[in-house]
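**Student:** can you look at this prediction? I've put the sequence above it.
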Amino acid sequence: MGTERTPVRSLLLSLGLAALSVGTWWVFLGTDDTRDVDPVTGSTTGPYEAPQVIACGLVLVGLVAVGTVVVPPWAAVAAVALPFTAAWAVHAAGQDDSGLWVVGGALVLLGTVGGGALVAAVTRALRGRARAAR
């Protein structure tokens, strides 16, 4: 298969990115429902710890960067952000009786789309600079 971008190839690669995005959510966040309770104050935190969120974010950055090279940048961002947000929201909705998961989902969507757009823009700029240097 050549490196030419065709609609079918872009669709298949985007579906692969979407699957990897959901897999990233599952590996880093989807299996963690444990909340920590402070024995002194009784306040709860979690379920996520900073290192797992940072690792998850780094993998998503990598997916968007690679995706931007193989599919149009908008498709890479959408293929990573939308499935990741959907996976997060479906899981959160099942865990939350207050309805605040909707706010969290909106913030996850804004963060993944905004961060993904920034990563795609930087990736394109670096690729353009590398091409110009040749």
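**Tutor:** Yep, that arrived.

**Student:** in the host helix or strand of G62, what's buried?
**Tutor:** Assigning secondary structure by DSSP states H and E places G62 in helix 50-70. Within helix 50-70, the residues that qualify as buried are C56, V59, L60, V61, L63, V64, A65, V66, G67, T68, V70, counting by 16 or more other CB atoms under 10 Å. In this view, the C-beta of every residue, glycine as well, is placed from N, C-alpha and C.

**Student:** which residues touch stretch 18-34?
**Tutor:** 46-48, 52-53, 55-56, 59-60, 63, 79-84, 86-88, 91, 95 (CB atoms under 8 Å, 6 or more residues apart in numbering).

**Student:** what's the mean pLDDT across the helix holding G62?
**Tutor:** Mean per-residue pLDDT for helix 50-70: 97.

**Student:** show me what it is packed against.
**Tutor:** Helices and strands touching helix 50-70, by 3 or more CB pairs under 8 Å, 6 or more residues apart in numbering; DSSP states H and E, are helix 7-25, helix 73-95, helix 101-133.
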